[in-house]
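> requesting a structural model of the entry that follows:
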Amino acid sequence: MKEQKIPYNLSGIIVILMIISSVGGLLIDNLYRDNAFVSAVWRGNDYVTLIVAVPIFIISLLIAKKGEPRALLIWFAMLWYSFYNYIFYLFGAAFNAFFLLYVALFTLSLYALIFGLPHLDITKIKERFSPDLPVKWISGYMLFVAAGLSTVYTIQSLNFVVTGQLPEIVELTAHPTSIVFAIDFPFLIVPFVLTAIWLWKRQPWGYALAVILNVKGAIYTLVLAVGSYSAGATAEIPMWITLTIAGVIVSGYLLKNMQAQ
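Next up, the predicted model:
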């Protein structure tokens, strides 16, 4: 863990700030200055972050310090979760008292990943996976998710060009643009596609990133399920629950087929 000292120390700060952000979001009245729909989504996010993401982050940190490679990848998945999650708060939430907190969480998560990912021994990580791992069906699942999201986002965006009809998410959030589309294309869809290709070809980065992205993905689709429930968007809940279950299965299968030591 010596080579991961900087991201490890940054992660300790990130966990503390995540707790403050989530507890504050749940307990401070009128912290969120967005409309009722968006504010409900933020509170759903805070709940899952505090109850699910933070404990997993802490446990993975403690175990990764002992050199456990599966915990190491889960830790980086939580760093990716923090980075991705707080992009939305930083650029998607109406300016509020926690703005500087969101800046810190986004920035610290970004630089923890920048300092940490290059020091992953991805060759050894690949060697820990069973040679019989069915990489094609895992890659296929990741490509399916990426294709589904990109198709939905592209159709809605092109529909505006033709009809002038704003995407539903823009109308619901009252944002000037779709924060979701803007963030998911570069930080979710593209990483999923690249990782699926690398894993299909059995390249080392494909194995490491498949764990990182699917663990993060499973937790974040749970965030979306709870956020949809909080905001009253019940029609989307079955889709997010299905993706959460699928993400847990894929993540569990990957980790099961990775040797501990």
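> sketch out the helices for the stretch 51-200 of the chain, chain order is fine.
Using DSSP state H, counting those that start in this stretch, the helices found in the stretch 51-200 of the chain span residues 54-64, 69-92, 99-116, 122-127, 135-163, 168-173, 179-184, 190-200.
> packing partners of the longest one?
What that stands for is helix 135-163. Helix 135-163 sits against helix 179-184, helix 190-200, helix 204-231, helix 237-256, with contacts defined as 3 or more C-beta pairs under 8 Å, 6 or more residues apart in numbering; DSSP states H and E. (C-beta placed from N, C-alpha, C; glycine too.)
> can you list the buried residues in the longest one?
Neighbour counts over helix 204-231 (16 or more other C-beta atoms under 10 Å) mark 204-231 as buried.
> do the shortest one as well
Residues of helix 179-184 classed as buried under the neighbour-count rule (16+ other C-beta under 10 Å) are 179-181, 183-184.
> check stretch 231-245 too.
In stretch 231-245, counting by 16+ other C-beta under 10 Å, buried: 231, 233, 240-241, 243-244.
> okay, now it: how far is its last residue from its first?
21 Å (C-alpha to C-alpha, to the nearest Å).
> gap between it and the chain center?
Here the centre of stretch 231-245 is set off from its chain's centre by 16 Å, with C-alpha atoms, centre = their mean, to the nearest Å.
> the most centrally placed residue in the chain and F144, how far apart?
The residue lying closest to the centre of the chain (C-alpha atoms, centre = their mean) is Y81, at 3.6 Å. Relative to F144, Y81 is positioned 21 Å away (C-beta to C-beta, to the nearest Å).
> contacts only, for the spatially closest residue to V170 that is not a sequence neighbour.
In space, and not counting its chain neighbours, V170 is closest to S178: 5.2 Å by C-beta to C-beta, 6 or more residues apart in numbering. S178 makes contact with 153, 156-157, 167, 169-170 under the criterion C-beta atoms under 8 Å, 6 or more residues apart in numbering.
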